[in-house]
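> Here is my input, please return the structure:
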Amino acid sequence: MTSSLAFLDISAFRNLSSVQIKPIENGFNFIYGNNGSGKTSLLEAIYYLSLGRSFRSSHLERVIQVSADKLSIFARLFQQENDKITSIGIQRSIHADLKIRIEGKDVYSIAELAHLLPVQLLDSQCHHLIDSGPVFRRKYIDWGVFYYNNDFLSLWKLFQRALKQRNAALRHQSSPKEIDIWTQELIRYAEQLEQLRHDYLQQLIPLLETTIIELLPLTQLKISYYRGWDISKNYQDFLCHAFSRDSELGYTQFGPHKADLKLTIKGIPAKDILSRGQQKMFVCGMILARGMLLKQCANKSPIYLVDDLPSELDKMSRTNLMALLSKQNAQIFVTAIECINENNFLTNNPVKMFHVEQGGVEEV
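Sure thing, here's the model as predicted:
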């Protein structure tokens, strides 16, 4: 069920002391202001409300305002299918754990918030999806599988537990019997996890290729999935073959924890061909395709957070990206230093403007 932010209240989050806004629920919310004014902090607060963490820092003391001992973010979500308003809130103190409330009731899993409020982030670091290690691409896949299948999160946790225990048994040179117990657990959950990823990617990859090419015309683009071990062998046989080396190393070399998306153009890794600006457009296509599939599979549009839109993109690229975003039938937040007005785009789409200055936000 698609949700959008009808009202947002932010308190003591970075330099945002007390901010209340009513965004447009289906369209573009443009947030502009000077560097350091608090534009990115506003997007970060929305992200924090969805996932209970920041995309800029893992240090809590950097997120809570210097003069405060806790932050709070409250929102009213508008659910389009039934015109229902749902209240959600999150609070984090320097001295206490995260507190989550949905409809006035305490909730103990951030996954419940994430399901209500899916967000997609496009920022200056999104190029890591192409030019950094497989862990970024696994997270990219698993975000989608999380919404695609309700069993994913519990299965992923069981797999991680079995992997941790098998690695510990290998590292400590435990008895063959003990190692085999965890090996069988690992196989069981690995095969189920791999099946969920495979089913999801069967639908995602064709959409990925189409969407990327729409934003960035490329020839001989190929996206393929490496599941973490040789596709010609089942996982049990592969682990048996790799056991001696696993024992020497003290960890499991192969499995879903080594999965990756292979992104190539004319047989060459995309990161070795594309400029930084082209990488950003490539990744924007990947993120938008993931959001499109969420809409198709779960009838749920994510909220798109686009930080510093003009950065590293020429005018044509920005226009193409905004045009594709406008087709998503979603709530979109876009930050920029200056008010954006390109090719009469703003006259053809629902828009609200917000000016940010010294941590204050004003609707224009």
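> what's the model's confidence in the lengthiest helix in the chain, averaged?
Determined from DSSP state H, the single longest helix within the chain is helix 176-215. For helix 176-215, the mean per-residue pLDDT is 95.
> Likewise for stretch 274-294?
Averaged across stretch 274-294, the pLDDT comes to 93.
> Buried residues, that stretch. List them.
Along stretch 274-294, these residues count as buried under the neighbour rule (16 or more other C-beta atoms under 10 Å): 274, 278-294. C-beta coordinates here come from the backbone N, C-alpha and C atoms, glycine included.
> Please narrow the residues you listed to those residing in strands.
Among the buried residues of stretch 274-294, no residue falls in strands (DSSP state E).
> So which of those residues sit within helices?
Per DSSP H, the subset of the buried residues of stretch 274-294 in helices is 278-294.
> Just the terminal-to-terminal distance for stretch 305-317.
In stretch 305-317, first residue to last residue: 17 Å (C-alpha to C-alpha, to the nearest Å).
> Mind listing residues that contact that stretch?
Outside of stretch 305-317, the residues within contact range by C-beta atoms under 8 Å, 6 or more residues apart in numbering are 39-40, 43, 46-47, 119-124, 215, 276-277, 280-281, 318, 321-322, 325, 332-337, 340, 342.
> Now list the buried members of the residues you listed.
Applying 16+ other C-beta under 10 Å to the contacts of stretch 305-317 flags 39-40, 43, 46-47, 119-123, 215, 280-281, 318, 321-322, 325, 332-336, 340 as buried.
> what does stretch 322-329 rub up against?
26, 28, 211, 214-215, 288, 291-292, 295, 301, 304, 306, 309, 332, 334, 342, 345, 348-349.
> Helix, strand or coil: sort out the residue lying closest to residue 179 once chain neighbours are set aside for me.
Leaving aside its chain neighbours, residue 179 sits nearest to residue 169 (4.6 Å; criterion: C-beta to C-beta, 6 or more residues apart in numbering). The three-state label given to residue 169 by DSSP: H, G, I helix; E, B strand; the rest coil is helix.
> and if you look at residue 111?
Per three-state DSSP, residue 111 ends up helix.
> what's the answer for residue 174, then?
Secondary structure, three-state DSSP: residue 174 is coil.
> what's the answer for residue 75, then?
Under three-state DSSP, the three-state class of residue 75 is strand.
> what number of residues lie near it?
26 (other C-beta atoms under 10 Å).
> swap in the one 5 residues further on?
For residue 80, the tally of surrounding residues (other C-beta under 10 Å) stands at 16.
> What residues does it make contact with?
Counted by C-beta under 8 Å, 6+ apart, residue 80 has contacts 1, 2, 3, 4, 25, 26.
> Return the subset of these lying in helices.
The members of these all map outside helices under DSSP H.
> Most neighbours out of these, which is it?
residue 3 (26 neighbours).
> Alpha carbons only: can I get stretch 225-232 in CSV?
What follows is stretch 225-232, C-alpha atoms only, in CSV (Å, rounded to 0.1, in the frame of the first residue of the first chain):
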residue,chain,number,x,y,z
TYR,A,225,23.7,-12.4,-11.3
TYR,A,226,26.4,-14.3,-9.6
ARG,A,227,24.9,-16.2,-6.7
GLY,A,228,28.1,-16.7,-4.8
TRP,A,229,29.2,-20.1,-6.1
ASP,A,230,29.5,-22.0,-9.4
ILE,A,231,26.1,-22.2,-11.0
SER,A,232,26.9,-25.7,-12.4
